[in-house]
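Undergrad: Sequence and predicted structure below; questions after.
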Amino acid sequence: MTCDEVNRPFKNIADVRQALCWHVRYSLGKSGEDLHKHDAFTAVALALRNRIIDLMIETEKRYQQHDAKRLYYLSLEYLIGRSLTNNLINLGLYDLFREALLQQGIDLEELEEYESDAALGNGGLGRLAACFLDSLATLDMPGYGYGINYEYGIFKQEIHHGYQHEKPDKWLKGMSPWLIERYDERCFIPVYGRVEHSIDRYGRYQPLWTDWKLIVGVPYDMPIVGYGGRTVNVLRLFAARSYHEFDMQIFNSGDYISAVEQKIASETISKVLYPSDSVQAGKELRLTQEYFLVACALRDIVRRYMRQHETFDQFPRKAVVQLNDTHPALAIAELMRILVDENQLPWEYAWEITERTFGYTNHTLMPEALEKWPVSLLEKLLPRHLQIIYEINRRFLEHVAWLYPGDTEKLRRVSIIEEGEQKQVRMAHLAIIGSYSVNGVSRLHSELIKSTLVPDFYELFPHKFNSKTNGVTPRRWLKQANPRLSQLLDATIGTGWVTNLEQLRALEPYAEDEEFQQQFRQVKLLNKLRLAHLVRDTLGLQVPPESLFDVQVKRIHEYKRQLLNVLHIIYEYLRIVEDRQYPRVPRTYIFGGKAAPGYWAAKQIIKLIHNVASVVNHDPRARDYLHVVFLPDYRVSLAEVIIPATDLSEHISTAGTEASGTSCMKFAMNGGLIIGTLDGANIEIREEVGEENIYIFGHTAEQIRQMRWEGSYDPRALYESNPVVRRVMDTFRTDLFCPHEPGLFRWIFDSLVHHGDYYFHLADLPSYVETHERVAEEYCQPELWTRKAILNVARIGKFSSDRTVMEYARDIWQIERK
């Protein structure tokens, strides 16, 4: 059988079966009898991969013919999830493969469970990157992702006696069928060493980085299939390998451990996402990871560019590099090093190229989350880059001093180097100074960047700052995650919404249609039954699907205020057991999310959720009204089950702390109403869906800022004056929720009442409780609730990542469809 015969397009079931049989025999070396489900999954993936590779090669040829300007997206995270179903859907082959497998007695949905989530990310940062790649390919735009091929993901979360335990998440069990090794395109990356100072024959300073150690970066390409199959772009992931497999001389002398030490040390770099930086060795490894990514990526970018160009004159017109947060900010120093040291460009010209090449996306308003690295560590690991950063800073500060003579305080605030007992390099400052575009990810976030986070830089470079509100891909988060709703939409308004989400507006007239409402409610009920089965199978807990599914699934952090949600649950529980005041509607509260391993308070909140769940779920007085669930190991494939089943989703961060948030968009897209603060994307969602179709509570960002500024917030006085606050908080002075560990949650009372309540839980609790009363009242009116849910779906079109990517392409990247 020829290559063309094996890889021909799938036109019918016979073509699919022939390809599957071929891969079972010749790729897996098996007869096909009594085939294990995992082998069947692999055969399906390999058959599909052959077609994808053909399309990927055709896409690259098309880009080369146009000498297209290319976007290179640098991110330390990509939360891809599973790829089989997504690729089948985007190629239009899902139904064909499902039928072909069904004829052989194989359920495609069962096979999907044999694919591990690609654990290359943690939260919203990585999921946004994955959505962007999907949109770039769907829009036929030349966009490439660069990341690290982590052997282990962030961690696999297990819960023991209510406590989070972290286990290795080895997502790459064997080799993923979606990864194509490109060993011939490996990169050699120097680290450590020293800089020798010399003068060239023209009398110019000539630094020489020497005595370094080499790491090898081996690229693995993950194809990104655009919807419709015309374009297949690439996410290139680098794995670290040792330059020398091991020292044979040492090995032969009998010191076997020392012989492989260097190999082990080098390969640790791509071993795990986000090693703990609480110790020096962890800091060093994490910084090495960041440099490894940018060094491999830029070598690859430059190599690709130089295939079609002889000089760097056209570089910014043919390549744009987007920094997804500060993690890849070292790319600015690395490109300068490549241009100045390796290609002998004058500093001024190299800086002009560099500044016209990079865009920077900020993802946080938390000053403590803006990366800083000790100068001493950079000096040890990357001595030449530190030298370059100092020179960038010197020239920049000279310019600032010329603009603001005598303003030493401004110089201190904007300097890349933070002075102090331990000098630090401020990576956000480097990213801002070295980029031509700096964007936030929602309108509020972008304004707060300019007014509170880096106002000095906005004053210096107002032209750089812009806003690009995030979005999510409807292919995964509606068509794939919610096939029942997707089919209802197709039958009602057509299929165009898949690539033009604004077409969902055509759904608005059906919000009042009784028959459509019944169909919509039936879809929701079936999705809730699916989730209820998952809860039963995972936790052994029966939850009533007719109850209101109230969901908060996201990274566990104090500012995201899972604790506020628990305070409300405690309030409801006390009203039932002490006052015999029963809620209007039974509720199932569903939580999910991981706490960073070193984040004690977040892990305590997980423990609190479990302890409250244990008390509530086992109390016969509350059993018919309240259920509390924590689903462990939250990940993309779990989100795809939870989100379509949600009635009410919680996005309740302290106003002014969430950059954007994208999960709120996914829930609204699937008819899950939002309860939230005026924070991040909630503000813009309210504008789109209508304020009557979203439940907003709490203080605004401006009110929070004012209270912080004036010091006027007194949680102790609120505790003493408000009976709701007092009643809930007093439970933490008892052992109601920790009978076997007395005093376990006393810290919550102290933190919120006595120590300032930094995230304003108690300030927003009364409004939160009141808003939940309105939620319950309206949920009891099915026609009203369904109308609101349908209008959320109909008006969510703005929040497609296609729209976001088109704005980036137009305003920042200047790339076009090819």
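TA: Perfect, thanks for sending it.
Undergrad: how far away is the residue in the chain sticking out farthest from the centre from residue 341?
TA: Largest separation from the mean C-alpha position in the chain: residue 201, at 50.1 Å (CA atoms, centre = their mean). Per CB to CB, to the nearest Å, residue 201 is found 17 Å from residue 341. (C-beta placed from N, C-alpha, C; glycine too.)
Undergrad: what's the answer for residue 728, then?
TA: For residue 728 relative to residue 341 (CB to CB), the value is 61 Å.
Undergrad: Same question for residue 643.
TA: Counting by CB to CB - residue 643 and residue 341 are separated by 49 Å.
Undergrad: between residue 728 and residue 341, which one's more packed in?
TA: Taking neighbours as other CB atoms under 10 Å, residue 728 and residue 341 compare with residue 728 leading, 24 against 16.
Undergrad: Next, the buried residues of the helix or strand where the more buried one lies.
TA: Using DSSP states H and E, residue 728 sits within helix 723-730. Of the residues in helix 723-730, 724-725, 728-729 count as buried by neighbour count, 16 or more other CB atoms under 10 Å.
Undergrad: what does stretch 571-589 give?
TA: Under the neighbour-count criterion of 16+ other CB under 10 Å, stretch 571-589 has 571-577, 583, 585-589 buried.
Undergrad: closest to residue 654 among these?
TA: Using CB to CB, residue 571 is the member of these that sits closest to residue 654, with 19.1 Å.
Undergrad: What are the neighbouring residues in contact with the closest one?
TA: 724, 727-728, 769 (CB atoms under 8 Å, 6 or more residues apart in numbering).
Undergrad: The helix or strand containing it relative to helix 723-730, how many degrees between them?
TA: In this structure, residue 571 sits in helix 562-579 according to DSSP H and E. Helix 562-579 runs at 100 degrees relative to helix 723-730, counting by axes from the mean of the first three to the mean of the last three CA atoms, to 10 degrees.
Undergrad: Return the longest strand in this protein, judged by number of residues.
TA: strand 213-225 (DSSP state E).
Undergrad: Packing partners of that strand?
TA: Helices and strands touching strand 213-225, by 3 or more CB pairs under 8 Å, 6 or more residues apart in numbering; DSSP states H and E, are helix 37-66, helix 84-90, helix 124-138, strand 180-181, strand 187-191, strand 232-242, helix 280-306.
Undergrad: To residue 445, which of these lies closest?
TA: helix 124-138 (12.2 Å).
Undergrad: Counting by contacts, list what the closest one packs against.
TA: Against helix 124-138 (3+ CB pairs under 8 Å, 6+ apart) you get strand 70-74, strand 78-81, strand 143-148, strand 213-225, strand 232-242, strand 319-324, helix 801-808.
Undergrad: Let's have those in TSV, adding distance to residue 304, mean pLDDT and mean neighbour count.
TA: Conversion of those to TSV gives the following (distance: least, CB to CB, whole Å; pLDDT from 0 to 100; neighbours: other CB atoms under 10 Å):
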stretch	distance to residue 304	mean pLDDT	mean neighbour count
strand 70-74	8	98	24
strand 78-81	20	94	26
strand 143-148	9	97	26
strand 213-225	12	96	21
strand 232-242	10	95	23
strand 319-324	8	98	25
helix 801-808	20	98	23
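Undergrad: Redo these as JSON lines? Include distance to residue 701.
TA: Compiled in JSON lines, these are given as follows (distance: least, CB to CB, whole Å):
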{"stretch": "strand 70-74", "distance to residue 701": "29"}
{"stretch": "strand 78-81", "distance to residue 701": "27"}
{"stretch": "strand 143-148", "distance to residue 701": "32"}
{"stretch": "strand 213-225", "distance to residue 701": "36"}
{"stretch": "strand 232-242", "distance to residue 701": "35"}
{"stretch": "strand 319-324", "distance to residue 701": "24"}
{"stretch": "helix 801-808", "distance to residue 701": "22"}
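Undergrad: Among those, which comes closest to residue 446?
TA: With CB to CB as the yardstick, what comes closest out of those is helix 801-808 (12.4 Å).
Undergrad: where does the stretch 1-150 of the chain dip in pLDDT?
TA: Along the stretch 1-150 of the chain, segments meeting pLDDT under 70 span 1-8.
Undergrad: what's the distance between whatever helix or strand residue 605 lives in and the middle of its chain?
TA: Remark: residue 605 resides in helix 600-618, with elements defined by DSSP H and E. Relative to the chain's own centre, helix 600-618 is displaced by 25 Å; criterion: CA atoms, centre = their mean, to the nearest Å.
Undergrad: now swap in stretch 649-662 and tell me
TA: That offset, for stretch 649-662, works out to 15 Å (CA atoms, centre = their mean).
Undergrad: Check stretch 141-152 too.
TA: Using CA atoms, centre = their mean, the offset of stretch 141-152 from its chain centre is 13 Å.
Undergrad: ditto for stretch 681-692
TA: The answer for stretch 681-692 is 22 Å, by CA atoms, centre = their mean.
Undergrad: got the buried residues for it?
TA: 681-686, 688-689.
Undergrad: Report the residue spans of this structure with pLDDT below the cut-off.
TA: 1-8, 244-264, 276-278.
Undergrad: tally of neighbours for residue 265?
TA: 15.
Undergrad: try the one 10 residues further on
TA: Burial of residue 275, expressed as a neighbour count using other CB under 10 Å, amounts to 19.
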